[in-house]
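Trainee: What follows is a protein structure lacking sequence information:
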Ligand code: G3H
Ligand code: 13P
Ligand code: ZN
């Protein structure tokens, strides 16, 4: 039993129906209630603790793929099951509102069963809240089956970030749920938090932050950013083929953080590479994504070999999905069966996820 004894009788665990007596009909009537607390362990999920320790020791990183719908989830699970890679299913506040919290719980449970059906005997799957912005949201996710949460206080003054992160850790750890904190601000839009410029993580703060909050992992800012426009062409140089090459990540900051916190799990947000073939397809079939530029995959491969053990990818999946859908719409204008355009979108995302797992993060075969 993972719930504290004091709470043992105050929660009903498991995806159960409570049978309520209707005052009008005097008949028992099933009513599904997602507020019934459920442990991620009952859903077959795992937290990040052991996964991260193995990734750091093995020189690879765990993919954290965002999802909002069934096709993305199917593609992630198929890729992870095929490659036997541990995987983090990542849900933002917006995604949770979009998909519905009750459905999400069952989707995550279904994902574990689906993985087994695909022949993955011991699936290593985390359900993680991405960019949690309040204690209440983190608590709600923990109570409804998430095995890991991020509390993003990076935009707050330092002491407020410490206090909020500690509050979430104190609650989460009672249930063996792991917590990601963040120090430093990424350029671009972080969910509802925006910042025009990077503020790289200050290595002088990381020991104090980790010790006082008790967080299990730390997201840092070393030059990545969210979305498909991570750099302007003016910030890039051109290689021999005329291709735009973005400035390198601040590996000196990463090295300094690792020196302060040896072996501590580090997370990189904003790590999409914005594949140019997907951008070209989108633009060829009526889209308009001028000068979309991401993080070169070699930079991420290098980071994955260090204490960076979680790499967040969302935009690349959006691009893969959009490119496939646009192609179908352009080439078959008479098509209106959603399976005929969401199916190719799903296949394209699966290909992308497998590529990331095998060639970028190096996590293939790490969860046999
Ligand atoms: O970092 C943010 C993620 O890409 C999630 O984006 O808030 O649009 O779901 P979202
Ligand atoms: P990208 O926009 O680069 O995919 O980053 C996603 C992310 O960091 C989610 O938290
Ligand atoms: Zn992020």
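Mentor: That came through, no problem. Just so it is clear, the model here is predicted, and its values are computed rather than measured. Ligands and ions are numbered 1, 2, ... in the order given.

Trainee: which residues of the stretch 1-150 of the chain fall in strands?
Mentor: Listed in chain order, the strands found in the stretch 1-150 of the chain under DSSP state E, counting those that start in this stretch are 17-21, 28-32, 62-66, 87-92, 125-132, 148-151.

Trainee: Least confident of those strands, on average?
Mentor: Within those, the stretch with the lowest mean pLDDT is strand 17-21, showing a mean of 36.

Trainee: give me the number of residues near the residue lying closest to residue 44 once chain neighbours are set aside?
Mentor: If you skip the residues right next to it in sequence, residue 44 has residue 112 as its closest partner in space, 3.6 Å away by C-beta to C-beta, 6 or more residues apart in numbering. For the C-beta atoms, the positions are set from N, CA and C on the backbone; glycine is no exception. Residues near residue 112, counting by other C-beta atoms under 10 Å, number 19.

Trainee: Spell out the secondary structure type for residue 312.
Mentor: Using DSSP: H, G, I helix; E, B strand; the rest coil, the three-state assignment for residue 312 comes out as strand.

Trainee: how far away is it from residue 119?
Mentor: 27 Å (C-beta to C-beta, to the nearest Å).

Trainee: So for the two, which sits in the more crowded spot?
Mentor: In this view residue 312 and residue 119 are compared by other C-beta under 10 Å, and residue 312 has more residues nearby, 25 against 9.

Trainee: give the contact list for that one.
Mentor: By C-beta atoms under 8 Å, 6 or more residues apart in numbering, the contact set of residue 312 is 64, 66, 90, 130, 267, 268, 269, 270, 271.

Trainee: what bits of this structure have low per-residue confidence?
Mentor: 1-35, 188-197 (pLDDT under 70).

Trainee: again, only this time at 80
Mentor: Applying pLDDT under 80 to the chain flags the ranges 1-36, 187-198.

Trainee: so what's the residue nearest the centre of it up against?
Mentor: If you average the C-alpha coordinates of the chain and look for the closest C-alpha using C-alpha atoms, centre = their mean, you land on residue 90, 3.1 Å from that point. Taking C-beta under 8 Å, 6+ apart, we find residue 90 in contact with 64, 65, 66, 67, 128, 130, 312, 314.

Trainee: one more time with 7 Å
Mentor: For residue 90, the contact set (C-beta atoms under 7 Å, 6 or more residues apart in numbering) comprises 64, 65, 66, 128, 130, 312.

Trainee: how near is the second one to residue 266?
Mentor: So that's residue 65. Separation of residue 65 from residue 266 (C-beta to C-beta) stands at 18 Å.

Trainee: same thing with the last one?
Mentor: Going from residue 312 to residue 266 by C-beta to C-beta gives 12 Å.

Trainee: Next, count neighbours for residue 236.
Mentor: Tallying neighbours of residue 236 according to other C-beta under 10 Å, which is how burial is gauged here, yields 15.

Trainee: meant to ask about residue 296
Mentor: Applying other C-beta under 10 Å, we find 15 residues neighbouring residue 296.

Trainee: How about the one 5 residues further on?
Mentor: If you count neighbours by other C-beta under 10 Å, residue 301 ends up with 16.

Trainee: May I see the buried residues of the one helix or strand it maps to?
Mentor: Secondary structure here is read from DSSP states H and E; on that basis residue 301 sits in helix 297-304. For helix 297-304, the neighbour count (16 or more other C-beta atoms under 10 Å) marks 297, 299, 300, 301, 303, 304 as buried.

Trainee: what do you get for stretch 80-100?
Mentor: 80-93, 95-96, 99.

Trainee: what distance separates it from the centre of its chain?
Mentor: For stretch 80-100, the gap between its own C-alpha mean and the chain's C-alpha mean amounts to 6 Å (C-alpha atoms, centre = their mean, to the nearest Å).

Trainee: Quickly check: that stretch near ligand 1 or not.
Mentor: Yes - contact between stretch 80-100 and ligand 1 is present through 92, 94, 95 (criterion: C-beta under 6 Å from any ligand atom).

Trainee: Now render those residues as a markdown table, adding distance to residue 243.
Mentor: Rendered in a markdown table, the data for the residues of stretch 80-100 next to ligand 1 read as follows (distance: C-beta to C-beta, whole Å):
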| residue | distance to residue 243 |
| --- | --- |
| 92 | 31 |
| 94 | 33 |
| 95 | 33 |
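
Trainee: Those residues: which ones sit near ligand 2?
Mentor: Among the residues of stretch 80-100 next to ligand 1, no residue is within reach of ligand 2 (C-beta under 6 Å from any ligand atom).

Trainee: correct me, but residue 231 touches residue 246?
Mentor: Yes - shown here, residue 231 and residue 246 form a contact pair, counting by C-beta atoms under 7 Å, at 4.5 Å.
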